[in-house]
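**Q** I'd like to go over a predicted model; first the sequence, then the structure.
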Amino acid sequence: MNKTIQTVESAAAGSAFLIEDVYPLIDGGRFAVKRIAGDRVEVWADIYRDGDAVIGAALLWRREQDREWQREPMTHHGNDRWSGAFVPTEAGQYIYAIEAWTDEFATWSHSVARKQRSGADVTLDAIEGAGLLTKAQGARQDAALVILRQCEDFLQSGDVGPLLATELGEAMAESQSRPDLTRSASFPLIIDRDRARFGAWYQMMPRSQSRTPGRHGTLRDCIARVPDIAAMGFDVLYFTPIHPIGHTRRKGRNNAPVAGEGDPGSPYAIGTTEGGHDALHPELGTIEDFHALVATCLEYGLELALDFAVQCSPDHPWLTQHPEWFKWRPDRSVRTVDGAYSDIVIPDFNSVDRAGLWNAFRDAMLFWIDHGVTIFAIDNHDTAPFPFWEWLIRDIRRRHPEVILFSKTFARPKLMKGLAKLGFAQSFSYFPWRTSRWELEQYLGELTRYPERDFYRPNLFVNTADLLPFHLQSGEAWAFKSRLALAATLSGSYGIYSGFELLEHTAIPGREEYLDSEKYQIKQRDWDTPGNIKPYITALNRVRNENAALQQTANLRFLGIEDGETIAFVKEAAEPANTIVVVIALSRHVREFWLPLGDVTVDVRGQRHHVAALENLLTGEQSGIEWGGVRLRIDPERDPALLFRGLA
């Protein structure tokens, strides 16, 4: 039997401290915690050693590529629990760690103070304390002066008093040697810019932006729509793929297996002889037009996001240039996807030249970054292996820490969370299928608790090019408004697919898909069609922009309202102090109910006060709080959402 034998010497050389139960931490530090630049990153840990010696602890942090650590002191809170905090101001990859050591001088000082209180002689203790001063090293000039002065005072008077001075303890805490210094493992941290936490997204199909029936839209047509989208208060203009579309196995209308004459095909079947992932569909325009679009978006305060799909059409140039990147059948035909997506080919990410394939996708993304794209929505990425995504995210973030990668997939819950852990800044969610109050409370409760809230940032899309949920297929305005209000207030990030504002709701019978979907055909619209809800969207986005509580997701608490067809919750931001109460109807009927607010408090100049009144954020009306709550009436046909600011 093999046994590991530990010698006395090796055991004695081990760490004197245990550093445990570190928070925040994802899977023991295997994956990175996520935070936003400028936010306070607070770290907690159990730190202890044997005996009653006084312990010192510090929180260390740095950018991954830096050599020098920055340090912040940690504070003891009792029962060996410590905390510290730091504020990274720039996006990027960071690491943090914890150091602990025995504060020998503080341990001596506490012991002497106890002896003095008991009346014991401390003469020898004083000499020992003075000896500790000789071990001070590397002290700053001001600390060194304090140490020298107090030592001289002791030598002249023989009194232990100068050695117990508070200022000497502080100087020695920084300057004494730390022979048992113990450092924890290093833990990863991703710092994103604020758009990763907050933003309203508007997704559209560029080729459908022409106002001329039957004409393929161009980037210039997209530019003409930017002012209208910005006026509704959106922050991100999100395009479906803009690349050349394959002809082989091209899909027809409503995903017909054979395209008719003039059918444009699905933009997700990427690549022809005209180019692949780094090419622009020629009917959309030129790269100069693309530059003009980016400039216009910036002028109106919008960022441009692109769908980035790691798939190809059978006509993609890579199939002839790099056949080793794909899987081939015995008859030498390329292996395509079966069923609804038979117009695409999935590359072999484990091919003999996987390095070449991985780099090619990375280089295509860098191409669009160089042309002004700052956000990518990664489509169909559950078909690529985890190592590819972890590598790609790290490589892109190393080069461009400002770039946001959005995990755009509806997959198994653990797969979606696994992809988020790999570093995606945002993720799709199951919000489209959470309709009842208990489902919403359970699901958002899951996403806002630890550890999910530290790595999973949900972007609540109410519809997509692929998805028309059953609850919107009636076309009732109250239902569209209710779902919009839920998405816009529950999460810091939410999105709609174009046509939502026009209440488009015609579905393929029995399915959650649009009939005559513009994924397979060009569509023109009158964006000012009577009955549209653009003013409602605009008002919601204005309220979001004016209230910091609605610009984040994690600080969310549901209220125990008795009406089961109504959901109520509180969101709070610390800086600036802002408490928002939201009530949303989940069915179309008029209702009156009691909203309990007894335990809801607001921050007033650092002091907590029970909420005394609610101010309606849309009308400005105020309602006083009596008996710990307020009676409200909600008419979904008029407005299914009530939005209030809590007042002290």
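**A** On my side now, so go ahead. Numbering: from 1, shown residues only.
**Q** How many neighbouring residues does Val22 have?
**A** With neighbours defined by other C-beta atoms under 10 Å, the count for Val22 comes to 19. Quick note: C-beta positions are derived from backbone N, CA and C, even for glycine.
**Q** who are the neighbours in contact with it?
**A** Contacts for Val22 were tallied using C-beta atoms under 8 Å, 6 or more residues apart in numbering; they are Gly29, Val43, Trp44, Ala45, Ile98, Ser184, Phe187.
**Q** Show me which helix or strand of this structure is least confident by mean pLDDT.
**A** Lowest by mean pLDDT, DSSP states H and E among the helices and strands of the chain is helix 8-12, with a mean of 57.
**Q** next structured bit after it?
**A** Downstream of helix 8-12, the next assigned helix or strand under DSSP states H and E is strand 18-23.
**Q** how about that following strand: buried residues?
**A** Neighbour-count burial for strand 18-23, counted by 16 or more other C-beta atoms under 10 Å, picks out Leu18, Ile19, Val22.
**Q** ok, that strand: who's next to it in the sheet?
**A** strand 41-48 (antiparallel) (DSSP bridges).
**Q** Please convert the buried residues of strand 18-23 to a markdown table, extending it with pLDDT and distance to Ser491.
**A** Shown next, in a markdown table, are these (pLDDT from 0 to 100; distance: C-beta to C-beta, whole Å):
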| residue | pLDDT | distance to Ser491 |
| --- | --- | --- |
| Leu18 | 96 | 39 |
| Ile19 | 97 | 35 |
| Val22 | 98 | 28 |
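**Q** For Leu597, see how far away Gln622 is.
**A** As judged by C-beta to C-beta, to the nearest Å, Gln622 and Leu597 stand 14 Å apart.
**Q** Mind listing the shared neighbours of those two?
**A** Common neighbours of Gln622 and Leu597 (C-beta under 8 Å, 6+ apart) are Leu614.
**Q** These two: who's more crowded?
**A** Leu597 (22 against 13).
**Q** and the spatially most central residue of the chain, what pLDDT?
**A** Among the residues of the chain, Arg457 comes closest to the average C-alpha position under C-alpha atoms, centre = their mean, at 3.8 Å. Turning to Arg457, the model gives it a pLDDT of 98.
**Q** residues touching it, list them.
**A** Arg457 touches Lys34, Ala196, Arg197, Ala420, Ala425, Gln426, Ser427, Gly492, Ser493, Thr553, counting by C-beta under 8 Å, 6+ apart.
**Q** Could you identify the most distant pair in those residues?
**A** Distance extremes for those: the farthest pair is Ala420 and Gly492 at 15.1 Å, using C-beta to C-beta.
**Q** what about the two, which has more around it?
**A** Taking other C-beta under 10 Å, Ala420 and Gly492 do not tie; Gly492 has more neighbours (28 against 22).
**Q** Okay, the more buried one and Leu155: tell me how far apart.
**A** Taking C-beta to C-beta as the measure, Gly492 falls 62 Å from Leu155.
**Q** for Arg399, same thing?
**A** Per C-beta to C-beta, Arg399 is found 60 Å from Leu155.
**Q** try Ala224
**A** Applying C-beta to C-beta to Ala224 and Leu155 gives a distance of 84 Å.
**Q** More neighbours: those two, which one.
**A** More crowded of Ala224 and Leu155, by other C-beta under 10 Å: Ala224, with 15 against 10.
**Q** helices or strands next to the helix or strand containing the more buried one in the packing?
**A** Here Ala224, judged by DSSP H and E, is contained in helix 219-231. Secondary-structure packing of helix 219-231 (3 or more C-beta pairs under 8 Å, 6 or more residues apart in numbering; DSSP states H and E): strand 199-204, strand 236-239, helix 287-299.
**Q** can you redo the ones you listed as CSV with distance to Phe406?
**A** Shown next, in CSV, are those (distance: least, C-beta to C-beta, whole Å):
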stretch, distance to Phe406
strand 199-204, 9
strand 236-239, 9
helix 287-299, 17
